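Engineer: Provided below are the primary sequence and the corresponding predicted coordinates.
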Amino acid sequence: MFFANEINIQSIYATNLIAVVLLLVLFNCNFWRFKYKTYENKVLISLIILGFLASVDVVVSYLIDGKPGMSYRFFGHVTNSFIFIANMVGAFLWMLLIETHLRCEPSTRKKALLAIPMVVGLITIVVNLFVPCIYILDDNNSYGRKPLYMMMFGIDIFYMVYALVYFVINKIKGGLLKFFPIYLYIGPILLALIMETLIPGLTLSWPCYAISIAGVLASLQNEVIYRDQLTGLYNRSYLNFLQKNVFKKESLHITGVMLDLDDFKHINDKYGHAVGDIALQQMAKILKEAVGDMGNVIRYAGDEFIVLINSHKQVVIDACLEEIQRCIDKFNESKIADYKLSASMGYSIYNSKKQTVDDFMNNIDQKMYENKKRYHNID
């Protein structure tokens, strides 16, 4: 029995050491990506740091488990409490990453609502220090589970399942290509959490967590060809891919909106091209926030953007256009920039049976140009 336990301990040290090394390598190899201070990158960095700390914490907790003395008892509570915190925060960050990647950064209100289960868990962890309800350290400082362990497990699963459901719903609603095979990333972590719950003493979640992060970063690397480096939006290569592989589907129901920034040359001339780049990034952020799950946003060329709305219904189209204008007005009213943004827009409903993709693109371009002429009072 002692020999089996020794083998188990050695495997725990080995697997978590591998997780630590893998996370360090991933951070180093993706340092170039993290120089861009996007919300998505901030979440990724947080996931890597959390995974590193938790993997080290697991090793320390097993080193001191079962050793008597007040100092070991203190560190036993620190390490075990941190593991529960890390599991919750990690699951919460995974959820934010997936939602941000598929659409846009969730609103502050939505993040606050989604954080409620995590806050409940954190309060319970504090209570556990005085009244053991999640775990207990016996007289020899050996770890044991208490009834509310399953509640903590349930919080982790809630965030994972939410992310899966969010992904599936958006994929069904979107109808367009997604480059994020979520099942390959969340699947290993879910499986590890379930196995750890069924088999006490098993520790697989953080090695699986590191593998999942590696998968996410590999997927993001594959997406580079379809991402605009300045704005983070899909680019023209992505649009070309859709035209060749997706637009041919008769079941596809989309509406194309072309937008062109008004007086963008004036912004560049007056404030410089660096500020012009910031203006494009602001417009990209506005469009992602406004469009949300109604469609996809593409940087077409220069200061031109295309929104592909996932519907033919006029009420959805009008709602999307109105939300775009509302978000532009909100930005201008905030006065966070010395310039104001406005855009000329034109849209057309795509019908694969009656028009070619080129006809569709020419149509939205023409509609946008007509709106542009009205803005500049051109006859």
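Structural biologist: Perfect, thanks for sending it. Numbers count the residues shown, from 1 in each chain.
Engineer: ok, and the closest non-adjacent residue to Phe247?
Structural biologist: Here the nearest residue to Phe247 in space, its sequence neighbours aside, is Val357; by Cβ to Cβ, 6 or more residues apart in numbering that works out to 5.1 Å. Quick note: C-beta positions are derived from backbone N, CA and C, even for glycine.
Engineer: Val120 too?
Structural biologist: Ile155 (7.4 Å).
Engineer: which element, helix or strand, includes the one you found?
Structural biologist: For Ile155, the element it lies in under DSSP states H and E is helix 149-174.
Engineer: contacts only, for the residue nearest to the spatial centre of the chain.
Structural biologist: When Cα atoms, centre = their mean is applied to the chain, the residue found nearest the centroid is Leu97 (1.9 Å). Counting by Cβ atoms under 8 Å, 6 or more residues apart in numbering, Leu97 makes contact with Glu40, Val43, Leu44, Leu47, Val216.
Engineer: confirm for me that Ile349 is in contact with Leu252.
Structural biologist: No: with contacts counted by Cβ atoms under 8 Å, Ile349 stays clear of Leu252, the gap being 11.3 Å.
Engineer: could you chop this protein up by domain?
Structural biologist: 2-226, 236-375 (automatic domain parsing).
Engineer: thinking again about what came up before, for the helix holding Ile155, packing partners?
Structural biologist: helix 70-102, helix 116-128, helix 182-198 (3 or more Cβ pairs under 8 Å, 6 or more residues apart in numbering; DSSP states H and E).
Engineer: need the next SSE after the shortest one, C-terminal direction.
Structural biologist: What that stands for is helix 116-128. Using DSSP H and E, the next helix or strand after helix 116-128 towards the C-terminus is strand 135-137.
Engineer: can you say which of the helices and strands packed on helix 149-174 is packed in most?
Structural biologist: Sort those by mean neighbour count, taking mean count of other Cβ atoms under 10 Å, and helix 70-102 sits at the top with a mean of 20.
Engineer: what's the angle between it and helix 116-128?
Structural biologist: 180 degrees (axes from the mean of the first three to the mean of the last three Cα atoms, to 10 degrees).
Engineer: may I see the buried residues of the very next helix or strand once past helix 70-102?
Structural biologist: Once helix 70-102 ends, the next helix or strand along the chain (criterion: DSSP H and E) is helix 108-114. By 16 or more other Cβ atoms under 10 Å, the buried positions in helix 108-114 come out as Leu114.
Engineer: quick one: closest of the helices and strands packed on helix 149-174 to Glu333.
Structural biologist: The closest of those to Glu333 is helix 70-102. By Cβ to Cβ, the value is 25.1 Å.
Engineer: distance from that closest one to the middle of the chain?
Structural biologist: Centroid separation between helix 70-102 and its chain, computed with Cα atoms, centre = their mean, to the nearest Å, is 18 Å.
Engineer: what helix or strand is Thr203 on?
Structural biologist: Applying DSSP H and E, one finds Thr203 in no helix or strand.
Engineer: my read is that it contacts Ile12, right?
Structural biologist: Yes: between Thr203 and Ile12 there is a contact under Cβ under 8 Å: 5.2 Å.
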